[in-house]
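J.: Show me how the following folds:
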Amino acid sequence: MLDPRWTTFLKVCETMNYTRAAQQLCLTQPAVTHHIHYLEEHYGCRLFSYEGKVLRLTEAGMRLREFARSMAYNSQQIEWAMKAESPISLRVGTSKTIGEYVIAPKVERFLRAHPDANFSLLVDNTQVLLRALEAGRLDFILVEGFFESSRYDTKLYRQEKFFGVCPPGHRLANRSVQLDELNGERIIIREPGSGTRAIFEDALRRRNRTLRSFPRVVTISDFATIKSLVTDGLGVSFLYAPVVEHELKTGTLAKFEIENVPMSGAFYFVCLKNNLFAGIWDEWRK
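T.: Numbering: from 1, shown residues only. Sure, this is the predicted structure:
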(Lines give C-alpha, C1' and ligand atoms only; values in the text may rest on other atoms or scores of the structure.)
Protein backbone atom coordinates (compact mmCIF):
# COMPACT_ATOMS: atom_id res chain seq x y z
CA MET A 1 0.00 0.00 0.00
CA LEU A 2 1.52 3.31 -1.09
CA ASP A 3 1.79 6.13 1.42
CA PRO A 4 -0.65 8.91 0.39
CA ARG A 5 2.19 11.43 0.47
CA TRP A 6 3.85 9.61 -2.44
CA THR A 7 0.59 9.73 -4.35
CA THR A 8 0.40 13.47 -3.71
CA PHE A 9 4.00 13.97 -4.82
CA LEU A 10 3.40 12.10 -8.08
CA LYS A 11 0.21 14.05 -8.77
CA VAL A 12 2.03 17.36 -8.29
CA CYS A 13 4.77 16.07 -10.65
CA GLU A 14 2.07 15.28 -13.21
CA THR A 15 0.13 18.55 -12.97
CA MET A 16 2.97 20.87 -11.85
CA ASN A 17 0.26 22.81 -10.05
CA TYR A 18 -0.71 22.50 -6.37
CA THR A 19 -4.29 23.62 -6.96
CA ARG A 20 -4.97 21.15 -9.78
CA ALA A 21 -3.28 18.35 -7.84
CA ALA A 22 -5.53 19.08 -4.84
CA GLN A 23 -8.64 19.07 -7.03
CA GLN A 24 -7.75 15.78 -8.70
CA LEU A 25 -6.91 14.13 -5.36
CA CYS A 26 -9.99 15.57 -3.62
CA LEU A 27 -7.76 17.21 -1.03
CA THR A 28 -7.38 20.77 0.17
CA GLN A 29 -4.44 22.73 -1.18
CA PRO A 30 -2.94 23.10 2.34
CA ALA A 31 -3.03 19.28 2.64
CA VAL A 32 -1.11 18.92 -0.62
CA THR A 33 1.43 21.52 0.53
CA HIS A 34 1.81 19.70 3.87
CA HIS A 35 2.50 16.38 2.11
CA ILE A 36 5.21 17.93 -0.04
CA HIS A 37 6.80 19.77 2.89
CA TYR A 38 6.85 16.51 4.88
CA LEU A 39 8.81 14.77 2.11
CA GLU A 40 11.18 17.71 1.75
CA GLU A 41 11.88 17.74 5.48
CA HIS A 42 12.29 13.96 5.59
CA TYR A 43 14.83 13.90 2.74
CA GLY A 44 16.43 17.21 3.62
CA CYS A 45 16.12 18.80 0.18
CA ARG A 46 13.80 20.92 -1.94
CA LEU A 47 11.70 18.93 -4.39
CA PHE A 48 10.05 21.85 -6.21
CA SER A 49 10.99 25.46 -6.86
CA TYR A 50 9.37 28.38 -8.62
CA GLU A 51 10.84 30.17 -11.61
CA GLY A 52 8.68 33.24 -11.58
CA LYS A 53 5.19 31.77 -11.35
CA VAL A 54 6.14 28.46 -12.98
CA LEU A 55 6.59 25.41 -10.72
CA ARG A 56 9.65 23.30 -11.54
CA LEU A 57 11.09 20.06 -10.23
CA THR A 58 14.53 20.38 -8.69
CA GLU A 59 17.23 17.81 -9.54
CA ALA A 60 16.43 16.04 -6.27
CA GLY A 61 12.75 16.12 -7.18
CA MET A 62 13.46 14.50 -10.55
CA ARG A 63 15.45 11.72 -8.87
CA LEU A 64 12.68 11.14 -6.35
CA ARG A 65 10.07 11.08 -9.10
CA GLU A 66 11.80 8.08 -10.71
CA PHE A 67 11.84 6.18 -7.41
CA ALA A 68 8.24 7.14 -6.64
CA ARG A 69 6.98 5.97 -10.04
CA SER A 70 8.59 2.59 -9.49
CA MET A 71 7.19 2.39 -5.96
CA ALA A 72 3.69 3.23 -7.16
CA TYR A 73 3.88 0.64 -9.92
CA ASN A 74 5.24 -2.09 -7.64
CA SER A 75 2.59 -1.32 -5.03
CA GLN A 76 -0.14 -1.61 -7.66
CA GLN A 77 1.21 -4.95 -8.89
CA ILE A 78 1.56 -6.36 -5.37
CA GLU A 79 -2.07 -5.49 -4.64
CA TRP A 80 -3.11 -7.37 -7.77
CA ALA A 81 -0.84 -10.36 -7.11
CA MET A 82 -2.13 -10.77 -3.54
CA LYS A 83 -5.74 -11.07 -4.60
CA ALA A 84 -6.94 -14.65 -4.32
CA GLU A 85 -6.76 -16.57 -7.59
CA SER A 86 -6.03 -13.44 -9.58
CA PRO A 87 -5.30 -14.27 -13.25
CA ILE A 88 -2.17 -13.07 -15.00
CA SER A 89 -2.61 -9.48 -16.11
CA LEU A 90 -0.33 -7.86 -18.66
CA ARG A 91 -0.44 -4.44 -20.29
CA VAL A 92 2.01 -4.04 -23.16
CA GLY A 93 2.75 -1.00 -25.30
CA THR A 94 4.53 -1.06 -28.64
CA SER A 95 5.52 1.57 -31.16
CA LYS A 96 3.69 1.30 -34.47
CA THR A 97 6.38 -0.51 -36.45
CA ILE A 98 6.64 -3.21 -33.79
CA GLY A 99 2.91 -3.35 -33.09
CA GLU A 100 1.85 -3.70 -36.70
CA TYR A 101 4.70 -5.78 -38.17
CA VAL A 102 6.69 -7.55 -35.42
CA ILE A 103 4.80 -8.34 -32.23
CA ALA A 104 1.92 -10.56 -33.40
CA PRO A 105 3.75 -13.94 -33.00
CA LYS A 106 4.74 -13.04 -29.43
CA VAL A 107 1.17 -12.06 -28.53
CA GLU A 108 -0.13 -15.32 -29.99
CA ARG A 109 2.38 -17.41 -28.01
CA PHE A 110 1.52 -15.57 -24.79
CA LEU A 111 -2.24 -16.03 -25.22
CA ARG A 112 -1.83 -19.74 -26.03
CA ALA A 113 0.41 -20.23 -22.99
CA HIS A 114 -1.90 -18.23 -20.68
CA PRO A 115 -5.50 -18.72 -21.87
CA ASP A 116 -6.97 -17.07 -18.74
CA ALA A 117 -4.75 -13.99 -18.83
CA ASN A 118 -6.01 -10.45 -18.97
CA PHE A 119 -4.05 -8.84 -21.78
CA SER A 120 -4.01 -5.45 -23.48
CA LEU A 121 -1.82 -4.03 -26.24
CA LEU A 122 -1.48 -0.30 -26.88
CA VAL A 123 0.08 0.67 -30.22
CA ASP A 124 1.18 4.30 -30.41
CA ASN A 125 4.28 6.39 -30.99
CA THR A 126 7.29 6.12 -28.71
CA GLN A 127 6.78 9.32 -26.71
CA VAL A 128 3.12 8.52 -25.93
CA LEU A 129 4.13 5.05 -24.72
CA LEU A 130 6.88 6.39 -22.47
CA ARG A 131 4.37 8.72 -20.78
CA ALA A 132 1.94 5.84 -20.28
CA LEU A 133 4.72 3.68 -18.80
CA GLU A 134 5.71 6.44 -16.38
CA ALA A 135 2.08 6.86 -15.32
CA GLY A 136 1.84 3.14 -14.46
CA ARG A 137 -0.70 2.40 -17.20
CA LEU A 138 1.62 -0.10 -18.93
CA ASP A 139 3.81 -2.89 -17.55
CA PHE A 140 6.46 -2.62 -20.25
CA ILE A 141 6.91 -1.30 -23.76
CA LEU A 142 8.77 -2.30 -26.91
CA VAL A 143 9.83 0.84 -28.73
CA GLU A 144 12.05 2.22 -31.47
CA GLY A 145 13.71 5.59 -31.83
CA PHE A 146 15.50 7.74 -29.30
CA PHE A 147 14.69 8.24 -25.64
CA GLU A 148 16.55 8.92 -22.39
CA SER A 149 17.46 5.31 -21.63
CA SER A 150 19.14 6.16 -18.30
CA ARG A 151 15.68 6.79 -16.83
CA TYR A 152 14.54 3.21 -17.44
CA ASP A 153 15.61 -0.41 -17.38
CA THR A 154 16.20 -1.34 -21.00
CA LYS A 155 17.30 -4.33 -23.04
CA LEU A 156 18.03 -4.44 -26.75
CA TYR A 157 15.41 -6.55 -28.47
CA ARG A 158 16.69 -6.44 -32.07
CA GLN A 159 18.33 -4.24 -34.69
CA GLU A 160 16.47 -3.46 -37.90
CA LYS A 161 17.49 -2.02 -41.26
CA PHE A 162 16.06 1.37 -42.19
CA PHE A 163 16.07 2.83 -45.70
CA GLY A 164 14.24 4.89 -48.29
CA VAL A 165 11.38 3.50 -50.39
CA CYS A 166 9.98 4.61 -53.74
CA PRO A 167 8.08 3.12 -56.71
CA PRO A 168 10.09 0.49 -58.66
CA GLY A 169 10.41 2.70 -61.74
CA HIS A 170 11.56 5.74 -59.80
CA ARG A 171 14.93 7.38 -60.54
CA LEU A 172 16.09 6.56 -56.98
CA ALA A 173 15.07 2.89 -57.06
CA ASN A 174 17.73 0.36 -56.03
CA ARG A 175 20.44 3.00 -55.80
CA SER A 176 22.74 4.55 -53.22
CA VAL A 177 22.01 8.25 -53.74
CA GLN A 178 23.42 11.57 -52.59
CA LEU A 179 21.31 13.39 -50.01
CA ASP A 180 20.95 16.34 -52.39
CA GLU A 181 19.11 14.07 -54.84
CA LEU A 182 16.15 14.16 -52.46
CA ASN A 183 15.76 17.93 -52.78
CA GLY A 184 13.07 17.74 -55.45
CA GLU A 185 11.13 14.93 -53.82
CA ARG A 186 8.04 15.06 -51.65
CA ILE A 187 9.03 13.48 -48.33
CA ILE A 188 6.27 11.45 -46.66
CA ILE A 189 7.14 10.87 -43.01
CA ARG A 190 5.58 9.80 -39.72
CA GLU A 191 4.42 12.23 -37.04
CA PRO A 192 6.67 13.93 -34.43
CA GLY A 193 7.33 11.60 -31.50
CA SER A 194 7.49 8.49 -33.68
CA GLY A 195 10.65 6.40 -33.75
CA THR A 196 10.55 6.22 -37.54
CA ARG A 197 10.69 10.00 -37.86
CA ALA A 198 13.39 10.27 -35.18
CA ILE A 199 15.72 7.90 -37.08
CA PHE A 200 15.40 9.94 -40.28
CA GLU A 201 15.77 13.29 -38.53
CA ASP A 202 18.90 12.03 -36.75
CA ALA A 203 20.39 11.01 -40.11
CA LEU A 204 19.67 14.49 -41.47
CA ARG A 205 21.27 16.18 -38.45
CA ARG A 206 24.47 14.23 -39.09
CA ARG A 207 24.62 16.04 -42.44
CA ASN A 208 23.62 19.41 -40.98
CA ARG A 209 20.14 19.19 -42.47
CA THR A 210 16.59 19.12 -41.09
CA LEU A 211 13.18 18.34 -42.53
CA ARG A 212 12.82 22.07 -43.15
CA SER A 213 15.48 21.62 -45.83
CA PHE A 214 12.82 20.00 -48.00
CA PRO A 215 10.10 22.21 -49.51
CA ARG A 216 7.50 19.42 -49.63
CA VAL A 217 6.98 17.36 -46.47
CA VAL A 218 3.82 15.36 -45.77
CA THR A 219 3.17 13.99 -42.26
CA ILE A 220 1.05 10.84 -41.99
CA SER A 221 0.76 8.52 -38.99
CA ASP A 222 -0.59 5.46 -40.81
CA PHE A 223 1.84 3.04 -42.48
CA ALA A 224 -0.69 1.69 -44.98
CA THR A 225 -1.46 5.19 -46.23
CA ILE A 226 2.24 6.06 -46.51
CA LYS A 227 2.97 2.94 -48.54
CA SER A 228 -0.05 3.51 -50.78
CA LEU A 229 0.99 7.09 -51.55
CA VAL A 230 4.57 6.04 -52.30
CA THR A 231 3.37 3.19 -54.52
CA ASP A 232 1.25 5.68 -56.47
CA GLY A 233 4.27 7.93 -57.06
CA LEU A 234 3.21 10.76 -54.74
CA GLY A 235 6.44 10.87 -52.77
CA VAL A 236 9.22 8.87 -51.13
CA SER A 237 9.45 7.71 -47.54
CA PHE A 238 11.83 6.14 -45.03
CA LEU A 239 10.75 3.01 -43.19
CA TYR A 240 11.99 -0.04 -41.32
CA ALA A 241 12.52 -3.26 -43.26
CA PRO A 242 9.63 -5.22 -41.63
CA VAL A 243 7.15 -2.52 -42.69
CA VAL A 244 7.86 -3.00 -46.41
CA GLU A 245 8.99 -6.63 -46.51
CA HIS A 246 5.91 -7.75 -48.46
CA GLU A 247 6.00 -4.82 -50.90
CA LEU A 248 9.68 -5.36 -51.68
CA LYS A 249 9.08 -9.07 -52.34
CA THR A 250 6.14 -8.41 -54.66
CA GLY A 251 7.87 -5.53 -56.43
CA THR A 252 5.30 -2.83 -55.63
CA LEU A 253 8.00 -0.81 -53.84
CA ALA A 254 11.77 -0.48 -54.26
CA LYS A 255 14.40 0.57 -51.74
CA PHE A 256 17.19 3.11 -51.91
CA GLU A 257 19.88 4.24 -49.48
CA ILE A 258 21.55 7.57 -48.84
CA GLU A 259 25.25 7.44 -49.59
CA ASN A 260 27.52 7.90 -46.57
CA VAL A 261 24.50 8.25 -44.26
CA PRO A 262 24.00 4.80 -42.72
CA MET A 263 20.60 4.39 -41.12
CA SER A 264 19.40 1.63 -38.83
CA GLY A 265 17.31 1.42 -35.73
CA ALA A 266 17.08 -0.55 -32.54
CA PHE A 267 13.99 -1.96 -30.87
CA TYR A 268 14.15 -1.87 -27.07
CA PHE A 269 12.34 -3.60 -24.25
CA VAL A 270 11.69 -0.87 -21.64
CA CYS A 271 10.25 -0.88 -18.13
CA LEU A 272 10.51 1.30 -15.04
CA LYS A 273 13.65 1.08 -12.94
CA ASN A 274 13.54 -1.13 -9.84
CA ASN A 275 10.61 -3.06 -11.26
CA LEU A 276 10.03 -6.09 -9.02
CA PHE A 277 8.06 -7.93 -11.70
CA ALA A 278 10.31 -7.54 -14.75
CA GLY A 279 11.61 -11.11 -14.50
CA ILE A 280 8.12 -12.46 -15.19
CA TRP A 281 8.31 -11.12 -18.75
CA ASP A 282 11.56 -12.78 -19.83
CA GLU A 283 9.69 -14.71 -22.53
CA TRP A 284 8.92 -11.40 -24.25
CA ARG A 285 12.56 -10.30 -24.30
CA LYS A 286 13.84 -13.29 -26.28
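
J.: Out of the helices and strands in this structure, which is least certain?
T.: The weakest-scoring helix or strand in the chain, judged by mean pLDDT, DSSP states H and E, is helix 59-81 (a mean of 87).

J.: Against which helices or strands is that one packed?
T.: Counting contacts by 3 or more C-beta pairs under 8 Å, 6 or more residues apart in numbering; DSSP states H and E, helix 59-81 is packed against helix 4-15, helix 29-43, strand 264-272. Every residue, glycine included, has its C-beta placed from N, CA and C.

J.: distance between that helix and the chain's centre?
T.: 19 Å (C-alpha atoms, centre = their mean, to the nearest Å).

J.: Could you export the helices and strands packed on helix 59-81 to TSV, including columns for distance to Leu182?
T.: Rendered in TSV, the data for these read as follows (distance: least, C-beta to C-beta, whole Å):
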stretch	distance to Leu182
helix 4-15	41
helix 29-43	51
strand 264-272	19
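
J.: Can you check which of the ones you listed gets nearest to Leu130?
T.: The minimum distance between Leu130 and the helices and strands packed on helix 59-81 falls on strand 264-272, with 7.6 Å, by C-beta to C-beta.

J.: tally of neighbours for the residue lying closest to Tyr38 once chain neighbours are set aside?
T.: Residue nearest to Tyr38 in three dimensions, not counting chain neighbours: Arg5, with 5.8 Å by C-beta to C-beta, 6 or more residues apart in numbering. Neighbour count of Arg5, defined by other C-beta atoms under 10 Å: 17.

J.: Isn't Arg5 up against Leu39?
T.: Yes: contact criterion C-beta atoms under 8 Å: Arg5 and Leu39 qualify, at 5.9 Å.

J.: returning to what we had before: got the buried residues for the least confident helix or strand of the chain?
T.: Counting neighbours by 16 or more other C-beta atoms under 10 Å, one finds that the buried residues in helix 59-81 are 61, 64-66, 68-75, 77.

J.: Stretch 1-12 too?
T.: Leu2, Arg5, Trp6, Thr7, Thr8, Phe9, Leu10, Lys11, Val12.

J.: before we move on, back to that, and the next helix or strand along the chain from the least confident helix or strand of the chain with helix 59-81, angle?
T.: Downstream of helix 59-81, the next assigned helix or strand under DSSP states H and E is strand 89-94. Interaxial angle of strand 89-94 relative to helix 59-81 (axes from the mean of the first three to the mean of the last three C-alpha atoms, to 10 degrees): 130 degrees.

J.: quick check: domain ranges of the protein?
T.: Domain assignment for the chain, taken from automatic domain parsing, gives 4-67, 89-158+266-284, 160-264.

J.: What's the end-to-end length of the shortest one?
T.: Spelled out, that is domain 4-67. 15 Å (C-alpha to C-alpha, to the nearest Å).

J.: again with the second one
T.: By C-alpha to C-alpha, the extent of domain 89-158+266-284 from end to end equals 14 Å.

J.: Run the chain-centre distance for it.
T.: 9 Å.

J.: Surely Gln77 is in contact with Ala278?
T.: No: Gln77 lies out of contact with Ala278 (C-beta under 8 Å); the separation is 10.5 Å.

J.: all strands of the stretch 51-200 of the chain, in order?
T.: In the stretch 51-200 of the chain, strands defined by DSSP state E, counting those that start in this stretch lie at 54-57, 89-94, 118-123, 140-143, 152-166, 176-177, 187-189, listed in chain order.

J.: Point out where the chain drops to low pLDDT.
T.: 84-86 (pLDDT under 70).

J.: ok, now which ones touch the residue most central in space within it?
T.: Central residue of the chain (C-alpha atoms, centre = their mean): Thr126, 2.2 Å from the mean position. Residues in contact with Thr126 (C-beta atoms under 8 Å, 6 or more residues apart in numbering) are Ser95, Val143, Glu144, Gly145, Phe147, Gly193, Ser194, Gly195, Ala198.

J.: show me what contacts the third one?
T.: Read that as Glu144. 95, 97-98, 126, 160, 195-196, 198-199, 240, 265-268.
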